[in-house]
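> Show me the folded form of this:
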Amino acid sequence: CSSLGATSVIDHSEVATLPLNSFDYVLSLSDRIDISHLARVIKPFGRVCLVVGGEAIKTVDLSLFFFKRCTLSMEVVFARTRNWEKPERQGVLLGELCKALESGVLRSVTTKVLDWAQVDEAHVESMTGHTVERRS
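Okay, here's the model as predicted:
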């Protein structure tokens, strides 16, 4: 993550130990974190982006973020298609993503590619919470 521009990279298991109001921006990619810890470490008027789902977001107490007046946003793959909000735009966005990858503006963070014969290994690795990318 540091090589991609992050100024700080913190393991999700360490977030609870960080000082109050530590960061202007937080990008959470782990569903193994208590989101209330993010509310503690975000500075007032900061921005938090959650790229998580499942149990981690079912009971988010928004009051923890409210008085900090921070921006809380979620990123969900294929949200446009799932919600019928200009679903045709999804193809355009994916095309732009492909062009950015091909031109080198974006780069893949893939460290390992597994095939279907290695699905058990992929599952075990993904459950550690330390995978860089999961690929099917």
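
> so where's the chain uncertain?
Within the chain, the stretches with pLDDT under 70 are 1-6, 53-54, 56, 127-136.

> what pairs with residue 48 across the strands?
Using DSSP bridges, the bridge partners assigned to residue 48 are residue 26, residue 72.

> Now do the longest helix seen in the chain: everything it contacts.
For the chain, the helix that runs over the most residues, judged by DSSP state H, is helix 88-103. The contact list for helix 88-103, computed with Cβ atoms under 8 Å, 6 or more residues apart in numbering, reads 78, 80, 81, 106, 107, 108. No exception for glycine: its C-beta is placed from N, CA and C like everyone else's.

> one more time with 7 Å
78, 80, 81, 106, 108 (Cβ atoms under 7 Å, 6 or more residues apart in numbering).

> quick one: which of these has the most company?
residue 80 (16 neighbours; other Cβ atoms under 10 Å).

> so how far is residue 9 from the closest residue to residue 40 other than its chain neighbours?
Once flanking residues are discounted, residue 40 sits nearest to residue 20: 5.7 Å by Cβ to Cβ, 6 or more residues apart in numbering. Using Cβ to Cβ, to the nearest Å, we find residue 20 at a distance of 20 Å from residue 9.

> Run through the strands of this structure in chain order.
Under the criterion DSSP state E, the chain contains strands at 23-28, 42-50, 71-74.

> So the residue nearest to residue 40 sits against residue 39, correct?
No: with contact defined as Cβ atoms under 7 Å, residue 20 does not count as touching residue 39 (10.0 Å).

> These two: which has the busier surroundings?
Remark: of residue 20 and residue 39, residue 39 carries more neighbours, 21 against 8, as counted by other Cβ under 10 Å.

> Give me the neighbour count for the closest residue to that one other than its chain neighbours.
Nearest non-adjacent residue to residue 39, counting by Cβ to Cβ, 6+ apart: residue 64, 3.6 Å away. By the criterion of other Cβ under 10 Å, residue 64 has 17 neighbours.
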